[in-house]
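*Asks:* Return a 3D structure for these sequence lines:
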Amino acid sequence: MSGKVLVLNQDYSPLAVCTVQRAFLLVFLDKAELLESDVNAKLRTVSKSYPTPAVIKIKAYIHVPYRGVVLTRQNIFKRDNGCCQYCGVDRDLTLDHLVPRSKGGKSTWNNLVTACKACNAKKGNYSLEEAGLVLKRPPFKPSYIMFLRNNLGSMKKEWVPYLNTPAVA
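*Replies:* Predicted coordinates for the structure are as follows:
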């Protein structure tokens, strides 16, 4: 009974990912509704067989205060797919401030990018134009849904309609 289940709020917005055990318990206790099940697996007891949840919807709306992605080094690396935003290398990575901190640049989603040590040293305390560097992709603040979708690892095909993305696994 291993695996992950997508949990949706009453309005079908993604809330979280939980274990099959937790999802089954929520459905069994009538706190959630089973929307999609895993067709390749069943949960069995001595006398009954139950569908294995893949997507469930909570019956009572849960108010979630603003849910943003926390600005951390690891999250910036994830956003930038673990490669230098100047040359595309995927090793010896560090963070680079587009507007250097010495020139008033802040540590924000739109001012930080992943850079290899060589490109970071080349840029130094200069602007992109002064250093002659070009970004492969402009930095942005990821939404919670996008971050959830892109960083789950493998995603079940049953989740696709609820996360609005092509299937990964």
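*Asks:* Could you chop the chain up by domain?
*Replies:* Residue ranges for the domains of the chain, per automatic domain parsing: 4-65+144-163, 73-131.
*Asks:* Now do the SS call for A118.
*Replies:* helix (DSSP: H, G, I helix; E, B strand; the rest coil).
*Asks:* what residues are up against it?
*Replies:* C87, V89, D92 (CB atoms under 8 Å, 6 or more residues apart in numbering). C-betas here are computed from N, CA, C, even on glycine.
*Asks:* want to throw the domains of the chain into CSV with distance to P138?
*Replies:* Shown next, in CSV, are the domains of the chain (distance: least, CB to CB, whole Å):
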stretch, distance to P138
domain 4-65+144-163, 15
domain 73-131, 8
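*Asks:* Output those domains as TSV; include the columns mean pLDDT.
*Replies:* Output for the domains of the chain, formatted as TSV (pLDDT from 0 to 100):
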stretch	mean pLDDT
domain 4-65+144-163	88
domain 73-131	94
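*Asks:* Identify whichever of those lies nearest to R137.
*Replies:* domain 73-131 (6.4 Å; CB to CB).
*Asks:* now that closest one, how far from the centre of its chain.
*Replies:* Centroid separation between domain 73-131 and its chain, computed with CA atoms, centre = their mean, to the nearest Å, is 21 Å.
*Asks:* now do stretch 155-163
*Replies:* 14 Å.
*Asks:* What separation do you get for the spatially closest residue to L8 that is not a sequence neighbour and L148?
*Replies:* Among residues not flanking L8 along the chain, K57 sits closest, at 4.5 Å (CB to CB, 6 or more residues apart in numbering). Separation of K57 from L148 (CB to CB, to the nearest Å): 16 Å.
*Asks:* ranges for the helices of the chain?
*Replies:* 20-28, 73-79, 117-123, 128-131, 144-150, 160-163 (DSSP state H).
*Asks:* farthest residue from the center of the protein?
*Replies:* In the chain, counting by CA atoms, centre = their mean, S47 sits farthest out from the average C-alpha position, at 39.2 Å.
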